[in-house]
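Undergrad: how does the following fold in three dimensions:
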Amino acid sequence: MLWLASIEGLKEHTWGLVGSFAAGSNWTADVAMAVDGDWAVAKNVTLANGNEFKFRADGGWDLSYGSACDVNVGEVYTTYNNGGNMKFVGEDGAYNIYFSMVDAKFYMEKYVEHSGSA
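TA: Below is the predicted model of the structure:
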């Protein structure tokens, strides 16, 4: 039997992505995350190898999720309240970043721009 641990109350907040990827942010300016079902999503986020980031609720530090690990596309990571910064160790570029408001796991994928049909 597969057990999915749920963390109570994560959906009751507005989530943002904060970190060293935002030039001059000094970890104070959040990238707003949209709600998509059980996920908070930040799309087209520009990351460079070595950038660090965390998820935080309501623009404050009372509820902030991280994991003190190196991250890249193709993996699912578990985050923890007051966990350490996550360090991006991939190719510089734009990414979509997904944070589960059920179990605080996250993953990322390469952003692909979709062109309109003719």
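Undergrad: part of a helix, is Ser108?
TA: In this structure residue 108 is Met, not Ser. No - counting by DSSP: H, G, I helix; E, B strand; the rest coil, Met108 is not found in a helix; it is strand.
Undergrad: pull the contacting residues for it.
TA: Val71, Asn72, Val73, Tyr95, Asn96, Ile97, Tyr98 (C-beta atoms under 8 Å, 6 or more residues apart in numbering). Yep, even glycine has a C-beta here, placed from its N, CA and C like the rest.
Undergrad: again, but for Gly16
TA: Contact analysis of Gly16 by C-beta under 8 Å, 6+ apart lists Asp30, Val31, Ala32, Met33, Ala42, Phe55, Arg56, Ala57, Gly59.
Undergrad: tell me the one of those residues nearest Ala48?
TA: The shortest approach to Ala48 among the contacts of Gly16 belongs to Val31, at 14.7 Å (C-beta to C-beta).
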